[in-house]
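**Student:** show me the folded form of this:
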Amino acid sequence: MSSCSGVLRHFADTKSIHKGRAFHALMITSGFDSNVYTNNHLLSMYLKFKRVDDAHKVFDEMPKRNVISWTSLISGFSQMGMPKKALTCFSSMVCQGFEPNYFTFVGAVSACASLGNARCGKEVHGRIYRSGLELTSHVSNCLINMYGKCGLLRSAQLVFDAMLEPDTISWTSLLSSYCQCGENVHGLKIFVLSRKAGVAVNEFSCVSVLGAATALGDLKFGMQVHSLVYKYALEFDKFMVTGLINFYAKCRELDLASRVFLEVERPDLSAWTTLIGGYVQGGRGAEAIDLFVKLYSSGSLPSERTLSCVLGAFADTKDIKVGKQLHSLIIKMGFTSFTVVGNAVLDFYSKCGLLEESMKTFEEMDEHDVVSWNALVSGHVGAGWYGEAIHLLKDMLFEGHKPNLYTYSSILNICSVVPAIEWGKQTHCCIIKPGFDSNVVVGSAVIDMYAKCGRLIDARKVFDNLTSKNLVSWNTMIVGYAQHGLGREALEIYIIMQGNNIKPNDITFIGVLSACGHVGLVEEGWHHFKSMINDHAVAPRTDHIASMVNLFARAGQTKRAYEFMRSFPIESDKVVWRCLLSGCKIHKDLELGRIAAEKILSIDPEDTSAHIMLSNIYAEANMWDETAQVRKIMKEKALKKDPGYSWTELKNKIYYFSTIHSAQFPGIDLHEVINGLTSQLFDAGYVPDGILSCRFEE
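**Tutor:** Numbers count the residues shown, from 1 in each chain. Model prediction:
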């Protein structure tokens, strides 16, 4: 009898499935009367073979069972990823009066951890406590892991604290629990405490703490972990390699991420994909594409995740031709059925402005998720097709997809550009309800929407209530104030931003310089411009030069503005010259005004507004012959100024109108309203500028 058990154990250990089944058949045909001991070995053999049905059949036909029989089945189900079956067996075992042992409890607790079932886990823990069994380190470690996966960190900590001598697995389980639940700072503290306690470092603890350092962007701590990885020779573990690459990539240290990758003799596909994704996120799309080509040339087949990552690089570089070739490769390799790949293709076409191709890709996809709809909506918003974007949003909601952060960002973008304050306010309410308003990206989009709709008080309230602010939040508020002429408020935000040690970028200074222009702070603007270059190493762009020229010209310092333009090697574009021309018109600097207008017309001879402004300057100086000459040129070229449009929002609809196109309002004559407002202006003492009489009829 013991020899039969030994043979069965040998077949199980050597994975000899055919010999094991043959021996079982021999036992049946020979009429061998097996006892519970032999049946347990038979049950264990089938579970090691992962032959669940055979194991269950053996169990059901056992005339007698003991605690080992039940424990074998419970542990087997738990280890094979069948936690519900494991817990069902555990419940049946208890109901039939069997008292679980340590190994039974380990299987049951592990099943609860796999399901994330905190209630069931607590019941099992309570039964362990009532059984009077002294907790072994193995059971305690399983309980820590279970509570961690269920998000009950306090319970996990209590189990850990009750252990007399926590081992490496105990520390690693607790560390992993905190990191998985997003308590990254606490995770780092646990790791430091484990080091002080003399606990050996392993690949699991290093991967967990490296993930925490990645989430926190703590480069210094992560590099210290990296040194421990080398010290304990863990650098060849594939999860460790991927974790290090991801850490350096997320911390914007792509050269260090590349160095880790190159030090591995044979990096696996996960390492390739992580580095490609890092290059894409870091704005180095060309390098991501080169790395993908090397991967493909090496004979390795990319995964769906690899393909979705590299498509982001093609979207960023706008390399349409090669991106289409990759799309063909995706079809050839049969990856079109993966939603994540379809979404990446869709996003690529949308970002490149190829809306027909993106719509075709969308229609050919087997399944759509909220990411698919977001990519399509975002593409239409980016192309200025706001009406179509709104229809797509309606279709998305009709199909039952709930908007996420990116959906709301697209809606807010539409409200900002149109602009439509009522839609924006309704969207803001929808964002507050699920608690998305605490997200810094969405919060910044809400600030931008209110600012562009002219609701600066509401924008400031949202800004002040943001629990965390990033550079975009600060820039949005500064630029919003500046665009509406509230220069002092914009500069106040910039001062607060500096006090919070937020490093400004080029966008920040566009807002700051524009703010100085609105309130006439010439010397302060000049100080900020020099600080931008000298203190913050931000290279001036055309926008910054235009802002400074506008600042000088508005203050009547047109010659200083002209000399400033000439002092830069950057060739001034139409926008810069137009800023100078506008200042010359206001301050009646005929000489420089002519130079500015001629420069604009040399860049774009068809620029209607430059002709008009030059004509107005001549008229202001009573140079009627020159005025007539400009009119003659415009008439010969058939140049007409594009009419300006106004808009109003009424009952959730946007109405556009101009001097030549009138919107149709139900029961309202728009011209009567405008004429009434004009009469009130004159009654209030408004006197139009005489130069308006020289303007061209539109």
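
**Student:** wait, isn't Ala459 in contact with Ile478?
**Tutor:** No - assessed by Cβ atoms under 8 Å, Ala459 is found out of contact with Ile478, at 11.1 Å. All C-beta spots, glycine's among them, are computed from the backbone N, C-alpha and C.

**Student:** show the contacting residues for Ser131.
**Tutor:** Contacts of Ser131 were listed using Cβ atoms under 8 Å, 6 or more residues apart in numbering, and they are 99-100.

**Student:** Phe105 versus that one, what's the distance?
**Tutor:** Between Ser131 and Phe105 the distance is 8 Å, computed by Cβ to Cβ, to the nearest Å.

**Student:** now do Thr71
**Tutor:** 9 Å.

**Student:** residues near Val52, how many?
**Tutor:** Summarising burial for Val52: neighbours were counted as other Cβ atoms under 10 Å, giving 16.

**Student:** got phi/psi on it?
**Tutor:** Backbone torsions of Val52, given as degrees, to the nearest 10, read phi -60, psi -40.

**Student:** which pLDDT does the model give the residue nearest to it when sequence neighbours are not counted?
**Tutor:** Excluding the flanking residues, the one nearest Val52 by Cβ to Cβ, 6 or more residues apart in numbering is Met80, at 6.9 Å. In the prediction, the pLDDT value recorded for Met80 is 86.

**Student:** ok, how many other residues are close to Met80?
**Tutor:** Using other Cβ under 10 Å, Met80 has 14 other residues around it.

**Student:** shouldn't it be in contact with Ala55?
**Tutor:** No - proximity of Met80 to Ala55 does not meet the contact threshold set by Cβ under 8 Å, at 9.8 Å.

**Student:** hey, what's in contact with both of the two?
**Tutor:** Each of Leu47 lies in contact with both Met80 and Ala55 under the rule Cβ under 8 Å, 6+ apart.

**Student:** check the offset of whichever strand or helix holds Asn616 from the chain's centre.
**Tutor:** With the criterion set as DSSP states H and E, the secondary-structure element containing Asn616 is helix 608-620. For helix 608-620, the gap between its own C-alpha mean and the chain's C-alpha mean amounts to 48 Å (Cα atoms, centre = their mean, to the nearest Å).

**Student:** against which helices or strands is that helix packed?
**Tutor:** Packing partners of helix 608-620 (3 or more Cβ pairs under 8 Å, 6 or more residues apart in numbering; DSSP states H and E): helix 574-586, helix 590-603, helix 624-636.

**Student:** helix 608-620 and the second one, what's the angle between them?
**Tutor:** When you say that, I think you mean helix 590-603. Counting by axes from the mean of the first three to the mean of the last three Cα atoms, to 10 degrees, helix 590-603 lies at 160 degrees to helix 608-620.

**Student:** what sits up against helix 590-603?
**Tutor:** Helix 590-603 is contacted from outside by 558-559, 562, 572-574, 577-578, 580-581, 584-585, 607, 610-611, 613-614, 617-618, 621, 623, using Cβ under 8 Å, 6+ apart.

**Student:** before we move on, what about stretch 77-92?
**Tutor:** Against stretch 77-92 from outside (Cβ under 8 Å, 6+ apart): 47, 50, 52, 70, 73-75, 100, 104, 107-108, 110-112, 114-115, 117, 120, 124.

**Student:** out of the residues you listed, which sit inside strands?
**Tutor:** Among these, no residue falls in strands (DSSP state E).

**Student:** now the residues you listed: which count as buried?
**Tutor:** Applying 16 or more other Cβ atoms under 10 Å to these, the neighbour count classes 47, 52, 70, 73-75, 100, 104, 107-108, 110-112, 114-115, 117, 120, 124 as buried.

**Student:** touching, Ser337 and Glu364? I think so.
**Tutor:** No - applying Cβ under 8 Å as the test, Ser337 and Glu364 come out as separate, 10.5 Å apart.

**Student:** can you give me the neighbour number for the closest residue to Leu397 other than its chain neighbours?
**Tutor:** Closest residue to Leu397 apart from its sequence neighbours, by Cβ to Cβ, 6+ apart: Pro403 at 7.5 Å. Other residues within reach of Pro403, judged by other Cβ under 10 Å, total 22.

**Student:** please name the residues that touch Pro403.
**Tutor:** When contacts are counted by Cβ under 8 Å, 6+ apart, Pro403 is found next to 370, 396-397, 411, 430.

**Student:** which one of the residues you listed is nearest to Glu304?
**Tutor:** Minimum distance to Glu304 across these is 18.2 Å, recorded for Val370 (Cβ to Cβ).

**Student:** backbone phi and psi for the residue nearest to Val52, please?
**Tutor:** With angles defined as degrees, to the nearest 10, Met80 sits at phi -90, psi 10.

**Student:** same question, Glu235
**Tutor:** Glu235 has phi and psi values of phi -70, psi -10 when expressed as degrees, to the nearest 10.

**Student:** per-residue pLDDT of it, please?
**Tutor:** At Glu235 the predicted local confidence, pLDDT, stands at 73.

**Student:** what about it, distance to Glu203?
**Tutor:** Separation of Glu235 from Glu203 (Cβ to Cβ) stands at 10 Å.

**Student:** list the buried residues for the helix or strand where Ala459 lies?
**Tutor:** Per DSSP H and E, Ala459 falls inside helix 456-465. Judged by neighbour count using 16+ other Cβ under 10 Å, the buried positions of helix 456-465 are 456, 458-460, 462-463.

**Student:** got these as JSON lines, with pLDDT and distance to Ser297 columns?
**Tutor:** Below are the buried residues of helix 456-465 laid out as JSON lines (pLDDT from 0 to 100; distance: Cβ to Cβ, whole Å):
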{"residue": "Leu456", "pLDDT": "92", "distance to Ser297": "55"}
{"residue": "Asp458", "pLDDT": "92", "distance to Ser297": "54"}
{"residue": "Ala459", "pLDDT": "92", "distance to Ser297": "51"}
{"residue": "Arg460", "pLDDT": "93", "distance to Ser297": "54"}
{"residue": "Val462", "pLDDT": "91", "distance to Ser297": "50"}
{"residue": "Phe463", "pLDDT": "92", "distance to Ser297": "50"}
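
**Student:** farthest-separated two in those?
**Tutor:** Maximum pairwise distance in the buried residues of helix 456-465, criterion Cβ to Cβ, is 10.8 Å, between Leu456 and Val462.

**Student:** give me the common contacts of the two.
**Tutor:** Shared contacts of Leu456 and Val462 (Cβ under 8 Å, 6+ apart): Tyr450.

**Student:** helices of the stretch 51-200 of the chain, residue ranges please.
**Tutor:** With DSSP state H, counting those that start in this stretch applied, the stretch 51-200 of the chain shows helices at 52-61, 67-79, 83-95, 102-115, 118-131, 137-149, 153-162, 168-180, 184-196, listed in chain order.

**Student:** again, but for the stretch 201-350 of the chain
**Tutor:** Taking DSSP H, counting those that start in this stretch to define them, one finds helices in the stretch 201-350 of the chain at 203-216, 219-231, 238-250, 254-262, 269-281, 285-297, 304-317, 320-333, 339-351.

**Student:** right, and those - which one's nearest Ser378?
**Tutor:** Proximity of those to Ser378 was assessed by Cβ to Cβ; the nearest stretch is helix 339-351, lying at 6.1 Å.

**Student:** one step back: and which of the buried residues of helix 456-465 is nearest Ile421?
**Tutor:** Distance to Ile421 across those (Cβ to Cβ) is lowest for Asp458, with 8.9 Å.
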